[in-house]
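Peer 1: Show me the folded form of this:
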Amino acid sequence: MKKLSYLVLFICTISSAQSILSPSKKLQLSFSISQEGKPTYSVNFKNQSIVKESSLGIVLKDADGLVANFKIDSIGHKSVNETWQPVLGEQSNIKNNYNEMTAALSQPATGRRINIIFRVFDEGVAFRYEFPKQKNLNYFIISDEKTEFNLVGNHKAFWLPGDYDSQEYPYTESKLSEINTDNIDRNNGIGLKSISGKYIVQSPLMMKTAEGVYINIFEAAVVNYPVMHLDLVPKAYQFTSHLVPNAIGDKAYLHAPCVSPWRTIMVSDDAREIVSSKMIFNLNEPCKIEDTSFIKPMKFVGVWWEMHVGKSTWDYAGSQNAQNAADGQLKPSGKHGATTENTKYYIDFAAKHGFDGVLVEGWNTGWEDWFGNWKENVFDFVTPYPDYNLKEVNDYAKAKGVKMIMHHETSSSVANYERHLDRAFKLMNDYGYTAVKSGYVGRIIPRGEFHDGQTMVNHYNYVAQRAAENKIMIDSHESSRPTGYNRTYPNYVAAEAARGNEFNAWSVGNPPMHETILPFTRLLGGPMDYTPGIFEIKMSYYDKSKTEQVHTTLAKQLALYVTMYSPVQMAADLPENYERYADAFQFIKDVAVDWQDSKYLEAEPGDYLTVARKEKKGERWFLGAITDENARDTQVKLDFLSPNKKYKAVIYQDGKDADWKNNPKNYDIKTMEVTSKSKINLHLANGGGTAISFQPIN
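Peer 2: This is a model prediction of the structure:
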């Protein structure tokens, strides 16, 4: 990592109230100690109150809390302005510019000390608790965190219920005063629900004030700590941190010296500044992997969507029933998807069309009773089904120049996965696998733990670290949502951790606004494996009795490759579906997945998003524009293109009669010559989108 930075460090005169400005001076954070010795803070943006006086503090188990009776020992200030280079990312260089203030506090009655570190960026503020090494606070248990976010109005919010085990809900758009998890549709396809209260929501929480100011509450660098949800007092617009508990109700076990995650509040009157922010990544530690040469972007296809649409099954028996066995031998149904023959079909398709890899789910034994039984010993991650020849498949892929992507569904039997992890990674290394997609469907084992608790956060991070030692990339599904940790371990290339595209195949699906919200929420913490690229929109294509469908047009599925950032992108539909729409498929073949630069041209959470990106090693640009359930007409300036160059623009757009529900596969493709001085008029149908590739021609 190359740094261009300067540091200024000094100690100022201590007083009960201190403030710190962002580099542009638009944002101000004020800190003070109340008469009761409670630490408090507030945030102003352009002289408007955003967060009024809010308390800070930590409640300890079996000890006096770190919430009051403090005095200020010292105040330190520092400024940082640096640039660093991510291994993979939306841009080659990331600027990290902030002003910092550290308040060193002590409790005279207990002799305990705590530091609160504040950082103010141009697009937001962040703060964390630091516990120095000290005699009276060594090993300790956190039973609660009393971080408040007292907002000043009844803002519009995009929220998910505070579920300890799942983020796979569609977003609800409402006023803060209208938040109530009792009102959400529980028949939404989520297999495991652990909603913890009526007025608890997840972070990141995206909001917009009546005055047009965008606010986002989130966290960064969640390491050895549980995920933070938010308790709401609806009529007071007051949020308080809600830490996910462990199996016996404790929140975190810590050993000083240590730190909490950063609590973040992004603020801007330009939605583009929120959605393009790299503040969450900047708050994480730099890369800890010395040799990152194995971390590479990938486009892939795989044996996956055919199971979701009912064409084949994950399990060999085809009945999801382990009792379908005679003398211990499973009876094959003929519907198993992960066969040697079928996998070769995908390998041939990948090789023909220039894809990097092939993912195969259901290759290994255990799928007959993997879910719903809280069974501990399900998968061993090394034993294939009888109809899947691991070596034959691997040799075939290698001969074709295609990488195989491993799949590890843990069924949330985490203890079992950790017992087998080294053997599983050894198998991958033996066969040359460089990436694995992991899954965490179901209730956690150790029993009683939650997906978002400290135990599981440590597990996800441990797997990434162990994978790095084995030069393996991780793409996790059903994990806790990322908080920028892939800066520290960039082999953690992607995660799902939100409601993905597969819900459209067998549930009420994802509403058309869904993909316009995710970049303002889930994607702020890291790349998302959304699995776009579905061309056969309606599931009645596979079974006439089915009414489910993808809630987008085909053109929008193309645009998602640009608007939903991930350095590992799946062409998720079946190969034969792509072959029927070869002209539209060309965009998926062309689009890059690692970027030199990204420009967010238009943005409004819940409504629309337009993004242009330049490929990492080349001069091509790609543009994606998406809308919600409402059709949209817009004009886009192409001033992001290099001056004095001509480009061939290939525009994949919604057709004249396109509509996500009634006519989703109606699309047009046109070609035109453009320059940086050109403008393009876009028409996006209901639930639609536009994808454009720009190829230099001089």
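Peer 1: residues in contact with the closest residue to residue 435 other than its chain neighbours?
Peer 2: Nearest residue to residue 435, sequence neighbours excluded (Cβ to Cβ, 6 or more residues apart in numbering): residue 473, at 4.2 Å. C-beta: built from backbone N, CA, C; applies to glycine. By Cβ atoms under 8 Å, 6 or more residues apart in numbering, the contact list for residue 473 reads 294-296, 434-436, 467, 491-493, 568.
Peer 1: go again using 10 Å as the cut-off
Peer 2: Counting by Cβ atoms under 10 Å, 6 or more residues apart in numbering, residue 473 touches 88, 294-298, 405, 433-437, 464, 467, 490-494, 567-568.
Peer 1: Next: residue 581.
Peer 2: Counting by Cβ under 10 Å, 6+ apart, residue 581 touches 535-536, 554, 573, 665, 667.
Peer 1: picking up where we left off before, which ones among the contacts of residue 473 lie within strands?
Peer 2: Under the assignment DSSP state E, those contribute 298, 405, 435-437, 492-494, 568 to strands.
Peer 1: Buried ones from these, can you make that a ChimeraX selection?
Peer 2: Applying 16 or more other Cβ atoms under 10 Å to these, the buried members can be selected in ChimeraX as follows:
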select :298,405,435,436,437,492,493,494,568
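Peer 1: Would you mind giving the ones in strands among the contacts of residue 473 as TSV with distance to residue 366 and pLDDT added?
Peer 2: Converted to TSV, the ones in strands among the contacts of residue 473 look like this (distance: Cβ to Cβ, whole Å; pLDDT from 0 to 100):
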residue	distance to residue 366	pLDDT
298	26	98
405	19	98
435	21	98
436	16	98
437	16	98
492	25	98
493	25	98
494	24	98
568	25	98
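Peer 1: ok, the ones in strands among the contacts of residue 473 vs residue 249, which is closest?
Peer 2: Top of the list for closeness to residue 249, among the ones in strands among the contacts of residue 473 and by Cβ to Cβ, is residue 492 at 29.3 Å.
Peer 1: Give me the buried stretch members for the helix or strand hosting residue 232, please.
Peer 2: Taking DSSP states H and E as the criterion, residue 232 maps to strand 228-233. Under the neighbour-count criterion of 16+ other Cβ under 10 Å, strand 228-233 has 228-232 buried.
Peer 1: got it, and stretch 510-517?
Peer 2: Judged by neighbour count (16+ other Cβ under 10 Å), stretch 510-517 contains these buried residues: 510-517.
Peer 1: In the stretch 301-450 of the chain, where is pLDDT below threshold?
Peer 2: Scanning the stretch 301-450 of the chain for pLDDT under 70 picks out 322, 325-328.
Peer 1: And the helices in it, which stretches?
Peer 2: Along the stretch 301-450 of the chain, counting by DSSP state H, counting those that start in this stretch, helices occupy 305-308, 340-353, 390-400, 414-431.
Peer 1: who does the nearest residue to residue 216 once chain neighbours are set aside bridge with?
Peer 2: Leaving aside its chain neighbours, residue 216 sits nearest to residue 266 (4.1 Å; criterion: Cβ to Cβ, 6+ apart). Under DSSP bridges, the beta-bridge partners of residue 266 are residue 124, residue 216.
Peer 1: can you redo the contacts of residue 581 as CSV with distance to residue 345 and neighbour count?
Peer 2: Output for the contacts of residue 581, formatted as CSV (distance: Cβ to Cβ, whole Å; neighbours: other Cβ atoms under 10 Å):
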residue, distance to residue 345, neighbour count
535, 18, 23
536, 17, 22
554, 23, 25
573, 14, 26
665, 24, 16
667, 26, 26
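Peer 1: Among those residues, which one lies nearest to residue 134?
Peer 2: Residue 134 lies nearest to residue 573 out of these, by Cβ to Cβ, at 57.5 Å.
Peer 1: looking at it, that closest one is touching residue 558, isn't it?
Peer 2: No: assessed by Cβ atoms under 10 Å, residue 573 is found out of contact with residue 558, at 11.5 Å.
Peer 1: Can you check which residues contact both of those two?
Peer 2: Taking Cβ under 10 Å, 6+ apart as the criterion, residue 573 and residue 558 both touch 532-533, 535, 585, 588.
Peer 1: now the residues you listed as CSV including distance to residue 426 and secondary structure?
Peer 2: As requested, those are exported to CSV (distance: Cβ to Cβ, whole Å; DSSP: H, G, I helix; E, B strand; the rest coil):
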residue, distance to residue 426, secondary structure
532, 33, coil
533, 33, coil
535, 38, coil
585, 37, helix
588, 34, helix
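Peer 1: with these in mind, which one is nearest to residue 645?
Peer 2: Distance to residue 645 across these (Cβ to Cβ) is lowest for residue 588, with 24.8 Å.
Peer 1: roughly how far apart are the closest residue to that closest one other than its chain neighbours and residue 299?
Peer 2: If the residues on either side of it in the chain are set aside, residue 588 comes closest to residue 571, at 5.1 Å by Cβ to Cβ, 6+ apart. Look at residue 571 and residue 299: by Cβ to Cβ, to the nearest Å, they are 7 Å apart.
Peer 1: likewise residue 636?
Peer 2: The gap separating residue 636 from residue 299 is 25 Å, by Cβ to Cβ.
Peer 1: And for residue 682?
Peer 2: Applying Cβ to Cβ, the value for residue 682 to residue 299 is 25 Å.
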